[in-house]
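how would this look folded up:
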Amino acid sequence: MNILPKSFNEMVKKKLRQFVIKGYKICVSILPVNKNVIIFESNLGRNYTGNPKAIYEEMVRQGLDKKYRCYFVLEDTKVQIPGAAKKVKRNRIRYFFIFAISGIWVCDTRLPKYIIKRPQCTYIQTWHGTPLKKLALDMDSVYMAGENGIDNYKKNFYNNAQTWDYLISQNHFSTDIFRKAFAFDKKMLEIGYPRNDVLFEKNNSKDIIELKKQLELPLDKKIILYAPTWRDNEFYGKGKYRFNPPLDFNRLRAELGDDTIMIVKYHYLVMDQIDWTPYKGFIYSCDLSYDISALYLVADMMITDYSSVMFDYSLLKRPMLFYCYDLEEYKDTLRGFYFDFLAEAPGPVVLTTEELIDSILQYDASAFVEKQEAFYQKYNHADDGRASQKIIELIQHIAD
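Residues are numbered from 1 along each chain as shown. From the prediction side, this is the model:
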């Protein structure tokens with residue numbers, strides 16, 4: 001039992017962290033950089049997913065995880081990963097040591113500002129999506145927890161982006177946005193996303209059935225994936241957001257439940273632990289440990305809102321619906337959009353549960369053929385199933 005006051009424990013943690021960071025700065029100043037040491041991180045270390053995972057697993061497939069010393073940053077080091085990579089717990093002494101000596105970083109989000117990028121180190125920023133909503137230096141205001149005003153947010157983002165040596169882009173549209181929003185003037189890699197390579201490799205009935213079995217999903221029901229983004233102004237604290245859509249899951253089950261199930265997949269910043277047991281047999285919840293690429297493959301239809309999942313799922317040319325209950329607030333207040341969302345959305349945009357149910361039941365694929373194709377051509381032209389291989393060729397060039 002901990003009898004010490006919380007404030008005292010927090011003070012001790014803060015002092016210990018300051019001490020570790022001082023030691024880290026000393027290591028950075030005296031230890032040599034090793035080009036054969038590669039560190040990977042996905043989603044702030046919260047899971048083993050996304051572009052860094054796809055790149056690392058292609059290295060494993062080629063046996064390169066044994067040629068190089070690979071490390072994967074994870075908050076939960078019990079997570080199972082393939083190959084020879086060692087797991088590193090975030091913000092521990094070993095974490096700082098590996099960052100101090102590693103010659104290549106592969107990350108999909110910003111690193112903490114106390115992590116020092118050395119000139120001899122190469123930082124490959126994979127990023128995590130094509131933008132609909134405004135980003136970084138393009139934002140007019142900020143509602144996120146822990147951010148001290150828009151000017152401070154932009155300054156921190158700008159400084160962080162200047163440490164990136166390479167930045168992956170999914171398409172030409174993103175390339176133009178990233179150049180401006182991140183003030184990025186180094187090497188852009190417009191090659192599509194490594195995490196989407198699997199959508200080329202496993203989009204077939206045999207692999208999809210196997211994935212359903214692995215995920216313990218029924219083989220005889222239609223599957224709808226619900227994958228919304230987070231809301232900047234609905235948070236518990238910095239980097240910890242709520243799942244709070246006004247969606248009537250009871251109505252959905254009543255109208256769809258006989259031959260349909262729903263997979264609910266939170267954004268990695270959402271920290272809610274919702275009890276879905278009342279919906280057992282209809283709703284299957286997939287936590288942060290699930291890679292959403294597998295969920296794309298098993299889903300017959302996807303419901304999202306303003307999330308970049310729309311750009312990845314569109315590769316499969318399957319039905320998409322957009323449940324945008326807060327469209328005006330999100331568009332005009334929280335973020336703002338880079339393009340005319342209502343004009344380009346390759347599926348119905350609805351505001352209520354009733355409209356969503358009607359759109360699911362009455363979905364007419366022929367009504368969206370032209371929009372789907374235009375969306376695909378604009379946002380998926382660079383994805384070809386070989387993005388991971390292209391990054392590995394770059395890593396080999398850097399290290400060797």
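
every contact and neighbour count from this point should use C-alpha atoms.
Will do.

which stretches in the stretch 301-400 of the chain count as helices?
Using DSSP state H, counting those that start in this stretch, the helices found in the stretch 301-400 of the chain span residues 309-313, 327-329, 341-344, 353-361, 369-379, 387-399.

any low-confidence regions in the stretch 251-400 of the chain?
Along the stretch 251-400 of the chain, the parts satisfying pLDDT under 70 run over 267-273, 287-289, 333-334.

80 instead?
Scanning the stretch 251-400 of the chain for pLDDT under 80 picks out the ranges 257, 266-276, 286-290, 330-335.

how far does stretch 346-354 sit from its chain's centre?
24 Å (Cα atoms, centre = their mean, to the nearest Å).

residues making contact with it?
With Cα atoms under 8 Å, 6 or more residues apart in numbering as the test, stretch 346-354 has contacts from 247-248, 251-252, 319-327, 342, 356, 359, 368, 371-372, 375.

can you check stretch 307-316 too?
Around stretch 307-316, the neighbours that count as contacts under Cα under 8 Å, 6+ apart are 129-132, 196, 199, 203, 227-229, 296, 302, 304, 320, 372, 375-376, 379-380.

tell me which residue is most central in this structure.
With distances taken as Cα atoms, centre = their mean, the residue of the chain nearest its centroid is His128 (4.7 Å).

ok, then the element right after the top helix by length along the chain?
The helix that spans the most residues within the chain, counting by DSSP state H, is helix 6-30. Of the helices and strands lying after helix 6-30 in sequence (DSSP states H and E), the nearest is strand 34-41.

okay, buried residues for the next helix or strand after that next one please.
As assigned by DSSP H and E, the chain's next helix or strand after strand 34-41 is helix 50-61. The neighbour-count check on helix 50-61 (16 or more other Cα atoms under 10 Å) flags 50-60 as buried.

how about those residues in a markdown table, adding distance to Lys186 and pLDDT?
Supplementary listing: these in a markdown table, determined by distance: Cα to Cα, whole Å; pLDDT from 0 to 100:
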| residue | distance to Lys186 | pLDDT |
| --- | --- | --- |
| Gly50 | 23 | 94 |
| Asn51 | 20 | 97 |
| Pro52 | 20 | 97 |
| Lys53 | 24 | 97 |
| Ala54 | 23 | 97 |
| Ile55 | 21 | 98 |
| Tyr56 | 23 | 98 |
| Glu57 | 26 | 98 |
| Glu58 | 25 | 98 |
| Met59 | 25 | 98 |
| Val60 | 28 | 98 |
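
nearest to Lys14 among those?
Distance to Lys14, by Cα to Cα, is smallest for Pro52 among the buried residues of helix 50-61, at 29.8 Å.

what sits against the closest one?
By Cα under 8 Å, 6+ apart, the contact list for Pro52 reads 40-42, 106-108, 126, 194-195.

equivalent analysis for Ile168, please.
The neighbours of Ile168, taking Cα under 8 Å, 6+ apart as the test, are 124-127, 188-193.

mind running it again at 10 Å?
Counting by Cα atoms under 10 Å, 6 or more residues apart in numbering, Ile168 makes contact with 51, 108, 124-129, 174-175, 178, 187-194, 387, 391.

quickly list the domain ranges of the chain.
Segmentation of the chain into domains, based on automatic domain parsing, reads 18-196+385-399, 198-379.

just the buried ones from the contacts of stretch 307-316, in PyMOL syntax?
Buried subset of the contacts of stretch 307-316, written as a PyMOL selection, criterion 16+ other Cα under 10 Å:
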select buried, resi 129+130+131+132+196+199+227+228+229+296+302+304+320+372+375+376+379+380
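
out of the contacts of stretch 307-316, which sit inside strands?
Among the contacts of stretch 307-316, the members found in strands (DSSP state E) are 302, 304, 320.

right, and the first one touches Ile224 too?
Meaning Met302. Yes: between Met302 and Ile224 there is a contact at 5.5 Å, judged by Cα atoms under 10 Å.

which residues are common contacts for the two?
Residues within reach of Met302 and of Ile224 at once, by Cα under 10 Å, 6+ apart, are 262-263, 295-296, 319-320.

so which of the residues you listed is the closest to Ser285?
Of all the shared contacts of Met302 and Ile224, Ser285 sits closest to Ile263, with 5.7 Å by Cα to Cα.

from Asp165, how far out is Cys107?
Remark: distance between Cys107 and Asp165 (Cα to Cα, to the nearest Å) = 12 Å.

need the residues touching each of the two.
By Cα under 10 Å, 6+ apart, the residues touching both Cys107 and Asp165 are 123-125.

returning to what we had before: what residues sit buried inside the longest helix of the chain?
Applying 16+ other Cα under 10 Å to helix 6-30 flags 20-21, 24-25, 27-28 as buried.

strands of the stretch 201-350 of the chain, start to end?
222-226, 235-237, 240-241, 260-265, 283-286, 301-304, 320-323, 349-350 (DSSP state E, counting those that start in this stretch).

and the nearest residue to Leu44 once chain neighbours are set aside, how far from Ile224?
Closest residue to Leu44 apart from its sequence neighbours, by Cα to Cα, 6 or more residues apart in numbering: Thr109 at 6.7 Å. Applying Cα to Cα, the value for Thr109 to Ile224 is 28 Å.

of those two, which one has the most company?
Taking Thr109 and Ile224 together and counting by other Cα atoms under 10 Å, Ile224 has the greater number of neighbours (23 against 15).

show me what the more buried one is bridged to.
For Ile224, the beta-bridge partners are Met262, Met301 (DSSP bridges).

neighbour-wise, which of Cys107 and Asp165 wins?
Higher neighbour count among Cys107 and Asp165: Cys107, with 27 against 17, using other Cα under 10 Å.

contact partners for that one?
Contacts for Cys107 (Cα under 10 Å, 6+ apart) come out as 39-45, 50-53, 72-73, 123-128, 164.
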